[in-house]
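In: Structural data only, the sequence is not supplied:
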């Protein structure tokens, strides 16, 4: 009889512990990896350099437009609360590839 009660008590306690998650418990964990940067790792586009306020791309100008890189760089800078400026454009050693470097600059404070 004692074993039966003890078994029932252990089963009830384990059912309470392994219950469904509460509503406020997050079901997914956020990772620190920026998926947009991973998407651009293709044959035509490559993220060449990422720093705190600077991002550079190497891209095939026959298949990719500069505005596509600019949109991605704008999202990169807006995530930091900064404005975007294209600071450098140059040809690379790879045939048909260019390197575009964008810099994030602090937004000017407008005094009313």
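Out: Received the coordinates, thanks. Computed from a prediction, not measured in an experiment: that's the story for all the values here. Numbers count the residues shown, from 1 in each chain.
In: Please make it C-alpha for all contacts and neighbour counts, starting now.
Out: Will do.
In: in the one helix or strand residue 105 maps to, what counts as buried?
Out: In this structure, residue 105 sits in strand 97-106 according to DSSP states H and E. Within strand 97-106, the residues scored as buried using 16 or more other C-alpha atoms under 10 Å are 97, 98, 99, 100, 101, 102, 103, 104.
In: Show me which of those is closest to residue 77.
Out: Proximity of these to residue 77 was ranked by C-alpha to C-alpha; the top entry is residue 104 with 5.5 Å.
In: Please verify my assumption that that closest one contacts residue 85.
Out: Yes - with contact defined as C-alpha atoms under 8 Å, residue 104 reaches residue 85; the gap is 6.4 Å.
In: re the thing from before, which one of the buried residues of strand 97-106 sits closest to residue 68?
Out: Comparing the buried residues of strand 97-106 against residue 68 with C-alpha to C-alpha places residue 100 closest, at 11.3 Å.
In: I figured the closest one was touching residue 88, is that so?
Out: Yes - the criterion here is C-alpha under 8 Å, and residue 100 meets it with residue 88 at 5.8 Å.
In: any shared contact partners between these two?
Out: Listed as contacting both residue 100 and residue 88 by C-alpha atoms under 8 Å, 6 or more residues apart in numbering is no residue at all.
In: Nice, that's everything, thank you.
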